[in-house]
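J.: make a model of this:
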Amino acid sequence: MSVDPMAYEAQFFGFTPQTCMLRIYIAFQDYLFEMMLVVEGVILKKLDGIPGCNISPSQIRTCTEKFLIFMKEHFDKLFSKMEEVLLQLVLNIPKNVLLPEDKVQEQHPCSQEEFQALQEELQQLQQQCRAEAAAGQALRAELEEQKAVRAELEKILQWFDGLENICREHGTGNFQESFAFLTQNSKKLQDVLKDIEEKSKKMKQQEEL
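T.: Reported below is the predicted structural model:
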């Protein structure tokens, strides 16, 4: 089997010539095996009709296998020559032939240096695309975080609005007055709590006495 990839032929045919030859080889080989089985069956039937024949089916099978090996060796030699001819004369595109889809290369030829430059530019563009994709992902993550922060801020604003409404109900005006009102009440509650704790301590001391 040829080791030449024959990529240009594969572009034209839609399959590699080596694949075509392999399928032909397998098809011929399968046909050879089937033919030998048919021949073996015919021989067995003929011998079965001959009286006094001492040839057993196992002997027939042994002879069939030997003949099959002989045929396969000759077939491989013939197929090797056929493959060489087909790959050179039938499934081969001459070096001076240009496929229609490659005519643009003839009109706009590209040197090896220009091709290398295009390859490098393509790699740079791919890197830029990956970097932009990563930046876009980071931006989307930041937007999600901003949405979460905004939701928390809205909750805080709603809490302040509710607090201001409560303060208005208790006779305070703007937010500053409301905050001062809450601070005074908080101090009063702390003083009351402290007073309760002191009285509780005194009562425990009296009980211990």
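
J.: so what pLDDT did L22 get?
T.: pLDDT, L22: 91.

J.: care to break this protein down by domain?
T.: Under the assignment the TED database, the domains of the chain span 7-101, 129-188.

J.: format those as a markdown table; extra columns: mean neighbour count and distance to P109.
T.: C-beta coordinates here come from the backbone N, C-alpha and C atoms, glycine included. Listed next are these as a markdown table, based on neighbours: other CB atoms under 10 Å; distance: least, CB to CB, whole Å:
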| stretch | mean neighbour count | distance to P109 |
| --- | --- | --- |
| domain 7-101 | 12 | 11 |
| domain 129-188 | 11 | 29 |
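
J.: worst mean pLDDT among the ones you listed?
T.: It's domain 129-188: among the domains of the chain, that one has the lowest mean pLDDT, namely a mean of 73.

J.: thinking again about what came up before, in JSON lines: the domains of the chain, plus distance to A117.
T.: What follows is those, written out as JSON lines (distance: least, CB to CB, whole Å):
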{"stretch": "domain 7-101", "distance to A117": "23"}
{"stretch": "domain 129-188", "distance to A117": "19"}
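
J.: of all those, which lies closest to Q116?
T.: Each of these has some distance to Q116 by CB to CB; the shortest is domain 7-101, at 19.5 Å.

J.: gap between the two ends of the closest one?
T.: 15 Å (CA to CA, to the nearest Å).

J.: can you give the distance from that domain to the centre of its chain?
T.: Computed by CA atoms, centre = their mean, to the nearest Å, the chain-centroid distance of domain 7-101 equals 39 Å.

J.: next one: Y25 relative to T16, how far apart?
T.: According to CB to CB, to the nearest Å, Y25 stands 14 Å off from T16.

J.: what helices and strands are in contact with the helix or strand hosting A117?
T.: Using DSSP states H and E, A117 sits within helix 112-169. Here helix 112-169 touches helix 175-208, going by 3 or more CB pairs under 8 Å, 6 or more residues apart in numbering; DSSP states H and E.

J.: any idea how far E120 is from the residue nearest the centre of the chain?
T.: In the chain, the centroid-proximal residue (CA atoms, centre = their mean) is R130; its distance is 16.5 Å. R130 is 16 Å from E120, where distance means CB to CB.

J.: same question for L78.
T.: Counting by CB to CB, the gap from L78 to E120 is 50 Å.

J.: so what's E34 up against?
T.: Not one residue lies near E34 by CB atoms under 8 Å, 6 or more residues apart in numbering.

J.: quick check: it vs Q128, distance?
T.: 60 Å.

J.: swap in C53?
T.: 84 Å.

J.: and stretch 117-134, how far from the chain's centre?
T.: On CA atoms, centre = their mean, the centre of stretch 117-134 falls 20 Å from that of its chain.

J.: cool, stretch 109-129 as well?
T.: With CA atoms, centre = their mean, you get 25 Å for stretch 109-129.

J.: same deal with stretch 121-137?
T.: The answer for stretch 121-137 is 19 Å, by CA atoms, centre = their mean.

J.: thanks a lot, see you next time.
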